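> one predicted model, sequence on top.
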Amino acid sequence: MIPINRPMLGDEELRAVEEVIKSGRLTEWRPAGGPLTREFERAFASYIGVKHAIAVNSGTAALHAALMAAGIGEGDEVIVPSLTFVATANAVLLVGARPVIVDVDLETYNVKVDEVKRALTDRTKAIIPVHLYGLTADMDPIMEVAEEEGLIVIEDAAQAHGAEYMGRKAGSLGHMACFSFYSTKVITTGEGGMITTNDDELAEKLRSIRTHGQREGYDTYMLGHNYRMTELQAAIGIAQLKKISYFLEARRRNARILSETLSEVEGVSLPIEPRGYRHCWYLYTVRVREELRDMLVERLNAKGIGAAVYYRIPVHRTPLHEKVARRVGDLRNAEVASRTVLQLPVHPGVSEDQAAYIGRVFIKLLREEAGGEGTCQRTD
């Protein structure tokens, strides 16, 4: 089976972990973090092009801590897109605020500024644009609205390591940004997360929040959590970050092969890379007619191709957020996407031959399912 994603770990990570284990210094209780955590933070901040990077133990912890540092709380509203992993909206609930769920664009699958404007009220305090599948949201117009309205912008960059927007990397575009290092992400620490920012005050708060609100140790002055990154995770992260250029080049190569192959057939909407953007190709997302989607996924899996669906249930239709969130409009595009998108493997473990094979099998199955004819209009 060619999985939809898999961690790319090697001898460098093994040696790094072994050294930590031999040292006996597995984690660090001080708010500043352990030596490897600090090294990982410095390297990641340099890579993104920001002043500060604060390591935590998951992407969800990153989102929660960022909202806490921004002072978001009870009675506040935070705008989030419906097509995302539910952690984006759940983090809003964790600080006592209310998610306001808005629609996405069907070409980029990201939130648009017009939808943000529709959602604004006097309770709006923050926006969390998600860089879904590895393509950044259109950030400049969103930042303009945020400046006009006095709002905090927190990028959800969990899937966007190395993605770029107008010459700047994801993670440097908002007031804060949150990354995930879950096992299948572009780079991994097993579990883990990072918050990036250029704001000195926010960075100080974030380091405190991750260690029970302490500044020096045993001096809690604000509410915090145990969100520390271990030295084991940081050691893996340092090794992974050194490989990120190769990972991104391989993903781009495989995405190009798929796009060139699939451009031969009607009935599939291919992912786009608008001018001024650089996709990191965390997921290669195509869209087909609704009645064909699940059959294609099942048959691709049977052929050893780990096609998957991100996400079958939009956030506004989850039982929790149906009860607690405010939705803006009919969210039609998120509904359509949840019923018609599927993802194909393009991770660095996929060879060029495998990428071409995935494309050929997809075309064959699509034509068989559609009776040899097109299934929908191209929108890419």
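Happy to help now that I have it.
> buried sites along the helix or strand harbouring residue 367?
Per DSSP states H and E, residue 367 falls inside helix 352-369. Neighbour-count burial for helix 352-369, with 16 or more other CB atoms under 10 Å as criterion, is recorded at 354, 355, 357, 358, 359, 361, 362, 363, 365, 366, 367, 369. For glycine as for every other residue, the C-beta is placed from the backbone atoms N, C-alpha and C.
> and stretch 203-220, by the same measure?
203, 205, 206, 207, 208, 209, 210, 211, 212, 213, 214, 215.
> so what's the second one up against?
Right, residue 205. 68, 69, 222 (CB atoms under 8 Å, 6 or more residues apart in numbering).
> ok, now the fourth one?
Listed by CB under 8 Å, 6+ apart, the contact partners of residue 207 are 31, 32, 33, 54.
> please flag which of those residues sit within strands.
residue 54 (DSSP state E).
> JSON lines for the contacts of residue 207, including distance to residue 229, pLDDT and neighbour count?
Output for these, formatted as JSON lines (distance: CB to CB, whole Å; pLDDT from 0 to 100; neighbours: other CB atoms under 10 Å):
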{"residue": "31", "distance to residue 229": "12", "pLDDT": "91", "neighbour count": "21"}
{"residue": "32", "distance to residue 229": "12", "pLDDT": "93", "neighbour count": "14"}
{"residue": "33", "distance to residue 229": "7", "pLDDT": "94", "neighbour count": "25"}
{"residue": "54", "distance to residue 229": "9", "pLDDT": "98", "neighbour count": "30"}
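> that's a helix at residue 106, yeah?
No: secondary structure of residue 106 (DSSP: H, G, I helix; E, B strand; the rest coil): coil, not part of a helix.
> now residue 226: how far from residue 98?
26 Å (CB to CB, to the nearest Å).
> so residue 153 lies in a strand, does it not?
Yes: under three-state DSSP, residue 153 falls within a strand.
> distance check, the nearest residue to residue 356 once chain neighbours are set aside against residue 67.
Closest residue to residue 356 apart from its sequence neighbours, by CB to CB, 6 or more residues apart in numbering: residue 257 at 5.6 Å. Distance, residue 257 to residue 67, by CB to CB: 39 Å.
> pLDDT of stretch 175-194, averaged?
Predicted confidence along stretch 175-194 averages 98 (mean pLDDT).
> nearest to residue 245 among the buried residues of helix 352-369?
Nearest to residue 245 out of those is residue 355 (CB to CB; 19.0 Å).
> that closest one reaches residue 259, doesn't it?
No: using CB atoms under 8 Å, residue 355 is not in contact with residue 259, being 10.1 Å away.
> hmm, back to that, how about the contacts of residue 207 in TSV, adding distance to residue 349?
Shown next, in TSV, are the contacts of residue 207 (distance: CB to CB, whole Å):
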residue	distance to residue 349
31	37
32	36
33	31
54	30
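> how far is stretch 351-365 from where the chain is centred?
Remark: stretch 351-365 is offset 26 Å from the chain centroid, using CA atoms, centre = their mean, to the nearest Å.
> send me it as PDB with only the CA atoms.
The C-alpha coordinates for stretch 351-365 follow below in PDB (Å, rounded to 0.1, in the frame of the first residue of the first chain):
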ATOM      1  CA  SER A 351       8.700   7.600  -6.200                       C
ATOM      2  CA  GLU A 352       8.300   9.200  -9.700                       C
ATOM      3  CA  ASP A 353       7.200   5.900 -11.100                       C
ATOM      4  CA  GLN A 354       4.600   5.400  -8.300                       C
ATOM      5  CA  ALA A 355       3.300   8.900  -8.800                       C
ATOM      6  CA  ALA A 356       2.800   8.200 -12.500                       C
ATOM      7  CA  TYR A 357       1.200   4.900 -11.600                       C
ATOM      8  CA  ILE A 358      -1.200   6.600  -9.200                       C
ATOM      9  CA  GLY A 359      -2.300   8.900 -12.000                       C
ATOM     10  CA  ARG A 360      -2.800   6.100 -14.500                       C
ATOM     11  CA  VAL A 361      -4.800   4.000 -12.100                       C
ATOM     12  CA  PHE A 362      -7.000   7.000 -11.100                       C
ATOM     13  CA  ILE A 363      -7.800   7.800 -14.800                       C
ATOM     14  CA  LYS A 364      -8.600   4.100 -15.500                       C
ATOM     15  CA  LEU A 365     -10.900   3.800 -12.500                       C
END
